[in-house]
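Colleague: Quick one, fold the following:
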Amino acid sequence: MAKRAAALKEAKKPRLKCQSLAMFLLKEEIKDFAKAIKDDDTDIHRQVVKVNGATCLLASKQYNPHQPDWVRFLSSAAGQSLEKLRNAGSGAVLLFEASKRLFAAAFGSGRHLLESDAYEENFGLKVVLNVVNPDKVRSVDVRSLDAVPVSVRSQASIATEVAGFGLNVEKDLLYAATGEPINVEFGQTVTGKDSLKLSIPIELSGVPALLDKLLKQHNSDEYKKSFAWIDHLREVREKALVAKLDGALITQVKGGNVNRTWLAVPDILDWVGVAGFRYQHQKQGEMHADIEWATYQEFLTENDDDLSLDNVKKHVVYSIAESTDNVIDHWLVYKCIYGEVEDGGHTYALTGGKWYRVDADYLGEIDAVMKAIPVAQVVLPDYTEKNEAAYNEKVHKADSGNIALMDKKMIVHGGGSSKIEFCDLYTKDRKLIHVKRYGGSSVLSHLFSQGYVSAQLMLSDPKFREKVNAVLPASHKLPKDNKDIEPPKYEVVYAIASNSKDSALELPLFSKINLRNAFTQLDSLKFKVSITVIKVA
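Modeller: Alright, predicted model coming up:
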């Protein structure tokens, strides 16, 4: 009877309504609520409130109603009937203290009231990975480190393990995730990026206790059991740290220490039509065959300027067409910088204008693989030509009986109009030589991917081999049947033309990551893989 009475009493209690929450953890150095709120917005209303007797800060803003653009677009047809249509918005953020840390709960557009540097990056992601069931992930947001970086959100129709999303843990950056928590106290699903989003039955008075639990999860290393690879690389978005790294890199270059810092064109470039490059001026100034620190510093000296962060973020590099002397493309010098900096026991890498923190153990693993990749035994002459096409033609003509020229002989294969280059040079002893003039991490990433894709197709697809054979000389034909393709008899050779690299170990980090990925995939297929550096004279 007593148990039944207790159950009836519990059943009569009003059920709490589920409340959606977006929680931010403020940075440890922020000790004052006011420091987290934008101080240049006079429309933000601030008031001190009490929650469970504790002092909190509530900041809110009502946005002025405005007419959306589509109203003006439709007005010619609808006349005055749409004039009263207006959009308006509001937002609030409530700042708490729990476990000696400050938190912010954002409502509506409240997150925009916070200073962008006020909260911890990836707080929500880390909490999600600690509380979620590893076999019940619903969606992941990743950014690839391929030649053309791609951000993708993958959603599963049912909760599944991370492996089901096809992530490449070697070169995919995970920056958001949604899944089902193991403990129902965190709700049915949780989503994490910088903020943690959850929907649970709770009243305002229960939030401080929830924050204690969230901080405990944020500080836990439980995620490493299933998601340890997310620590390999982390994008740095903290303005103060980015500024510090930028300053360290400029100091490094000014001091002449350029062993791990390069200037390189950040995009894939068709070198055939490139006459050269100019700094800052499209139609005047000295033309350079390539961009590098030495020529950029000469430009600065000639213009009575100095190497500074402001200048590299202001100066422009122009690629100039050989036939017309017109601009092909242009980039900020900063976007062309690849650099690696040590700070606080961590290695940071700059590429494409973004900084990334690199896990030390991961860095060691990559370098170990680099040492395992053999140096190619093929002898290639110095690179004295203006473009890859002329260089490949020279190599072919010097030994035409042995080396078939495959450069620019694109194989149309696969869906749509996909074009694949089998290789640049193919030898009688089955070496697939891929030549690329060094031009930044993205360019080399394209090279390494090309080597894997062509070898994999050669191994598995008779129709691809048939198309390749159509452009190969009779002395170099590939076997028709799959069973006759023996990968150990073939060697994929990556030949990088550069005037500043003398080994694979001197490649930029992101190039090494993509080379490692290509090497491990080709090695698993039993192909030989090697690398060589061609001297640019």
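Colleague: How about the contacts made by I30?
Modeller: Listed by Cβ atoms under 8 Å, 6 or more residues apart in numbering, the contact partners of I30 are A36, L102, A118. C-beta coordinates here come from the backbone N, C-alpha and C atoms, glycine included.
Colleague: Would you agree it falls within a helix?
Modeller: No. Checked against DSSP: H, G, I helix; E, B strand; the rest coil, I30 lies outside a helix; its state is coil.
Colleague: and it, how far is that from G256?
Modeller: With distances taken as Cβ to Cβ, to the nearest Å, I30 is found 39 Å from G256.
Colleague: Equivalent analysis for E486, please.
Modeller: Spatial separation of E486 from G256 under the definition Cβ to Cβ is 50 Å.
Colleague: More neighbours: which of those two?
Modeller: Of the pair E486 and G256, E486 is the one with more neighbours under other Cβ atoms under 10 Å, namely 11 against 8.
Colleague: Show me the shaky parts of the stretch 401-537 of the chain.
Modeller: Using pLDDT under 70 as the threshold, the predicted model of the stretch 401-537 of the chain has low-confidence ranges 415-417, 439-443, 499-505.
Colleague: list the helices and strands the helix or strand hosting I433 packs on?
Modeller: Taking DSSP states H and E as the criterion, I433 maps to strand 431-437. In terms of contact count using 3 or more Cβ pairs under 8 Å, 6 or more residues apart in numbering; DSSP states H and E, strand 431-437 is assigned the packing partners helix 388-398, strand 425-427, helix 441-460, strand 491-498.
Colleague: Parallel or antiparallel, list what pairs with that strand.
Modeller: Counting by DSSP bridges, the strands paired with strand 431-437 are strand 425-427 (antiparallel), strand 491-498 (parallel).
Colleague: going on from the longest one, what's the next piece of helix or strand?
Modeller: Scanning forward in sequence from strand 491-498, with DSSP H and E defining helices and strands, the next element found is helix 509-524.
Colleague: unless I'm mixing things up, K512 is touching A368, no?
Modeller: No. K512 is not in contact with A368 according to Cβ atoms under 8 Å; the separation is 10.9 Å.
Colleague: Settle it for me: which of these two has more neighbours?
Modeller: The residue with the greater number of neighbours, taking K512 and A368 and applying other Cβ under 10 Å, is K512; the counts read 23 against 10.
Colleague: nearest residue to the more buried one other than its sequence neighbours?
Modeller: Spatial nearest neighbour of K512, chain neighbours left out: I366 (5.2 Å); criterion: Cβ to Cβ, 6 or more residues apart in numbering.
Colleague: And the average pLDDT for the helix or strand harbouring that neighbour is what?
Modeller: Under the criterion of DSSP H and E, I366 resides in helix 360-372. Confidence for helix 360-372, expressed as mean pLDDT, is 88.
Colleague: What lies in contact with that helix?
Modeller: 231-233, 345-347, 504-505, 507, 509, 512-513, 515-516, 519-520.
Colleague: Please list only the buried members of the residues you listed.
Modeller: When burial is judged by neighbour count using 16 or more other Cβ atoms under 10 Å, the buried members of those are D231, H232, L233, T347, A504, L507, L509, K512, I513, L515, R516, F519.
Colleague: what's near enough to touch the first one?
Modeller: Residues counted as contacts of D231 (Cβ under 8 Å, 6+ apart) are K224, D359, Y362.
Colleague: Any figure for the gap between Y279 and T301?
Modeller: Look at Y279 and T301: by Cβ to Cβ, they are 12 Å apart.
Colleague: who's more crowded, those two?
Modeller: Y279 (20 against 11).
Colleague: Quick check: which element contains the nearest residue to that one once chain neighbours are set aside?
Modeller: Closest residue in space to Y279, ignoring its immediate chain neighbours: F299 at 4.2 Å, by Cβ to Cβ, 6+ apart. Taking DSSP H and E as the criterion, F299 maps to helix 293-302.
Colleague: Please enumerate residues in contact with that helix?
Modeller: Taking contacts as Cβ under 8 Å, 6+ apart, the residues outside helix 293-302 that touch it are 253, 258, 261-263, 279-280, 285-286, 288, 306-307, 311, 315, 333.
Colleague: could you give me the average pLDDT of that helix?
Modeller: For helix 293-302, the per-residue pLDDT values average out at 90.
Colleague: buried residues in that helix?
Modeller: Applying a neighbour-count criterion of 16+ other Cβ under 10 Å, the buried positions in helix 293-302 are W293, T295, Y296, F299, L300.
Colleague: and which of those is nearest G339?
Modeller: W293 (10.4 Å; Cβ to Cβ).
Colleague: ok so, going back, hey, which of the helices and strands packed on strand 431-437 is tucked in deepest?
Modeller: Taking mean count of other Cβ atoms under 10 Å as the contact definition, the stretch among the helices and strands packed on strand 431-437 with the greatest mean neighbour count is strand 491-498, which reaches a mean of 24.
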